[in-house]
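In: no sequence for this one, just the structure:
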């Protein structure tokens, strides 16, 4: 799976590199060189735990950044900010924002939860954060958007949707 | 702690604060690796008979689409130099 995604990412890097090369040709040669250098330094892949990278965010390495776990279920969205070793710092959800029942399972509710979580996190002194999303709910995209709207700097997005390799049997199909 | 190393796979770095593009890249990678359709399918249990029917249907559909694309590519070879030039 990782090899397939690496191939896809290499293809994406190639296509994005070509798209960047087109506007660069229109400008002068100096800006061309600087632009190609910037696009060559950035990689979609995260810094691997074994290898050392020079990327730092406020002096912190990638492994020491705070993590925002977003659990996007079909009826609600939960947001929890933890440290890199797993200690919970704050917890917000659509329910704590005052939404009830059906309204919790909407992208707008997820966005407000994201904004409030970002504001609380900035009050505690957190700026750079990596996001781990779990589940395919309506609030999946808008929660991350709410975090960035609230002022938190998102460094990377991870997808943690649980894919069982034929583990527990899910509930029966609806409308028999 | 966890079975696999965390933040290694299914991860996309955000370039220049552009969260939208990064999210779209991540969704594209997940769709191309068939993670999203797998997660959707596993929401409810799919009985083995339904699964066999679906697999059969997908195989037939794949063959049909490939053959149709091949036929169209053959038929679209219209703009070429006249093979009967001079006759």
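Out: Nice, I can see it. What you see is a predicted model; the values in this text were computed from it and never measured.

In: max-length helix in chain B?
Out: Of all the segments of type helix in chain B, defined by DSSP state H, the longest one is helix B:48-75.

In: near chain B, which residues of chain A show up?
Out: Listed as neighbours of chain B in chain A under the rule C-beta under 8 Å from any C-beta of the partner chain: A:1-2, A:4-5, A:8-9, A:12, A:42-46, A:48-49, A:62-63, A:130, A:132, A:136, A:141, A:144-145, A:148, A:153-161, A:163-164, A:169-174. From N, CA and C alone the C-beta is placed, and that goes for glycine too.

In: and the buried ones among the residues you listed, selectable in PyMOL?
Out: Per 16 or more other C-beta atoms under 10 Å in any protein chain shown, the buried members of the residues of chain A next to chain B correspond to this PyMOL selection:
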select buried, chain A and resi 5+8+9+12+44+45+46+62+130+132+136+141+144+145+148+153+154+155+156+157+158+159+160+161
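
In: spatially central residue in chain A, please.
Out: residue A:157 (2.4 Å; C-alpha atoms, centre = their mean).

In: for it, helix, strand, or coil?
Out: When classified by DSSP: H, G, I helix; E, B strand; the rest coil, residue A:157 comes out as strand.

In: that one reaches residue A:144, doesn't it?
Out: Yes: the pair residue A:157 / residue A:144 is scored as a contact, 6.6 Å apart, by C-beta atoms under 8 Å.

In: quick check: neighbours shared by the two?
Out: A:131, A:133, B:19, B:23 (C-beta atoms under 8 Å, 6 or more residues apart in numbering or on different chains).

In: that older thread, inside strands: which ones of the residues of chain A next to chain B?
Out: Using DSSP state E, the members of these that fall within strands are A:130, A:132, A:153-159.

In: between the residues you listed, which is nearest residue A:117?
Out: Comparing those against residue A:117 with C-beta to C-beta places residue A:154 closest, at 12.1 Å.

In: which residues does the closest one contact?
Out: A:129-131, A:144, A:147-148, B:14, B:17, B:19, B:22.

In: and the buried ones among those residues, selectable in PyMOL?
Out: Of the contacts of residue A:154, the buried ones can be selected in PyMOL as follows, counting by 16+ other C-beta under 10 Å:
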select buried, (chain A and resi 129+130+131+144+147+148) or (chain B and resi 14+19+22)
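
In: quick check, residue B:83 in a strand?
Out: No: checked against three-state DSSP, residue B:83 lies outside a strand; its state is coil.

In: okay, now it: neighbour count?
Out: 6 (other C-beta atoms under 10 Å in any protein chain shown).

In: what pLDDT does it get?
Out: On pLDDT, residue B:83 comes in at 81.
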